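Asks: Okay, sequence plus prediction incoming.
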Amino acid sequence: MKRSAAPTRGIVVPTRAMSTPPSRPQTTPPRWSEQLATHRKYLWAVGYRLMGDVQDADDLVQATFERALARPPQDLERALRPWLTRVATNLGIDLLRKRKQRAYDGPWLPAPVEELVEVAGWTRTEHGPAPAGDVEVRYGQLESARHAFLLALEALEPRPRAVLLLRDVLGYSGPEVADILGLTPANVRVVLHRARKTLDAARAEFHPRERVDEADARTLDLLQRLMVAVASDDAEALERLFTAEVVVTTDAGGEYTAARKIVRGAAAASALLRGISRHSPPPKSMTLRPVNGEPALLGEFHDREINTAPRALMRIELDPSGERIRAVQVLLASRTLAGLRPADSTNA
């Protein structure tokens, strides 16, 4: 995937016409801004899953509201949320396409968030909330915000990604997805089949829903053991924690000194993590906290050297047995960590 070495904060809203009707003189509905504001949390949750980035989700919500204020829907009697979903999804597809065309310095990882507040009426169609137990909702709110799920979505092109989210996460019907994206129902079926096949290839990375709590307990235990082994510079202990094919991915976005390629293998992973520890300044704080619903380690540093990150987040993925670590992700880029509170504020 291509991304920019120094991504900018702002997002340029595409000017081409999308699936919403062309602009025409309209009267803004009474208390229109207040009506839009009631959907902010929902739109942000959708935008975060579509973009995999906190700041991009913020900007997508803002762009959606700007479009809604400039061109309200023609039929004000219909439910507002599906219309807003249409606007946000199409804007998001355009933004994803632009983002994928830009180069990115080193590996990219999804931006983490600490709070995954469930949104009332999350699954909604033109006729209201999807029925409980809707078989088309394959992934729930929390599961669809897990790091591994967001990372797997990066294998999909923007439109298939949107189709899968609308159908399998939000529970829209095939005809509704077709209407939102300007496709035919037949096109939606083909795109969805291929998207599901691509995502299913990564299903081994996800713990089944009934095992999430158990998996998180094992993740926390192995993360703590990993901390001890790194701090004590114990190569053998580290290698025993890893699978033979373990991969370490570091996302610094070209902003700080870091490995620009994925490191593979237990010995190489051990050497990398011990080297980082030896050459890093003493941590100001090291805290375990839930990130995207899973345990993670956040380190904050003082007396930093040039080009070293002020914060680092480490998270791990376990193998199917839950006994060893098969992946380590280290996030350093300030933009990527924008959604995390400083350690000082967690007890405020």
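Replies: The structure has been received and is ready for your questions.
Asks: So which residues of the chain form strands?
Replies: 124-125, 128-129, 242-251, 263-264, 283-291, 294-301, 311-318, 325-331 (DSSP state E).
Asks: Mind checking the pLDDT average for the last one?
Replies: Strand 325-331 comes out with an average pLDDT of 95.
Asks: And for the third one?
Replies: Looking at strand 242-251 alone, the average pLDDT works out to 96.
Asks: Residue 48: neighbour count?
Replies: Look at residue 48: counted by other C-beta atoms under 10 Å, it has 25 neighbours. C-betas here are computed from N, CA, C, even on glycine.
Asks: who touches residue 266 in this structure?
Replies: 238, 239, 242, 243, 244, 246 (C-beta atoms under 8 Å, 6 or more residues apart in numbering).
Asks: how does it look with 7 Å?
Replies: Residues near residue 266 by C-beta atoms under 7 Å, 6 or more residues apart in numbering: 239, 242, 244, 246.
Asks: which one of those has the most neighbours?
Replies: residue 242 (27 neighbours).
Asks: quick one: it from residue 278, how far?
Replies: According to C-beta to C-beta, to the nearest Å, residue 242 and residue 278 sit 19 Å apart.
Asks: Going by neighbour count, list what's buried in stretch 175-188.
Replies: Within stretch 175-188, the residues that count as buried by 16 or more other C-beta atoms under 10 Å are 176, 177, 178, 179, 180, 181, 183, 187, 188.
Asks: Check those residues against residue 47 and report the nearest one.
Replies: residue 180 (14.6 Å; C-beta to C-beta).
Asks: hang on, the closest one packs against residue 166?
Replies: Yes - shown here, residue 180 and residue 166 form a contact pair, counting by C-beta atoms under 7 Å, at 6.3 Å.
Asks: Just flag the most distant two among the buried residues of stretch 175-188.
Replies: Most distant of the buried residues of stretch 175-188, by C-beta to C-beta, are 176 and 187, 13.6 Å apart.
Asks: What are the structural domain limits within this protein?
Replies: 33-111+140-205, 209-337 (automatic domain parsing).
Asks: Turn these into JSON lines, columns for distance to residue 343.
Replies: As requested, the domains of the chain are arranged in JSON lines below (distance: least, C-beta to C-beta, whole Å):
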{"stretch": "domain 33-111+140-205", "distance to residue 343": "18"}
{"stretch": "domain 209-337", "distance to residue 343": "4"}
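Asks: contacting residues for the closest residue to residue 258 other than its chain neighbours?
Replies: Excluding the flanking residues, the one nearest residue 258 by C-beta to C-beta, 6 or more residues apart in numbering is residue 252, at 3.6 Å. Listed by C-beta under 7 Å, 6+ apart, the contact partners of residue 252 are 106, 258, 309, 332, 333.
Asks: again, 6 Å this time
Replies: With contacts defined as C-beta atoms under 6 Å, 6 or more residues apart in numbering, the neighbours of residue 252 are 258, 332, 333.
Asks: Count residues in the vicinity of the last one, would you?
Replies: The burial count assigned to residue 333 is 25, neighbours taken as other C-beta under 10 Å.
Asks: and the gap between the nearest residue to it once chain neighbours are set aside and residue 342?
Replies: Leaving out its chain neighbours, the residue that sits closest to residue 333 by C-beta to C-beta, 6+ apart is residue 253, at 3.4 Å. Using C-beta to C-beta, residue 253 is found at 19 Å from residue 342.
Asks: higher neighbour count, the two?
Replies: residue 253 (24 against 13).
Asks: surely that one meets residue 331?
Replies: No - using C-beta atoms under 6 Å, residue 253 is not in contact with residue 331; the gap is 9.4 Å.
Asks: shaky segments in the chain?
Replies: For the chain, applying pLDDT under 70 flags the ranges 1-27, 117-121, 123-136, 202-214, 303-306, 344-348.
Asks: and the residue nearest the centre of it, what does it touch?
Replies: Closest to where the C-alpha atoms of the chain average out (C-alpha atoms, centre = their mean) is residue 52, at 3.0 Å. Shown in contact with residue 52 (C-beta under 6 Å, 6+ apart): 110, 150.
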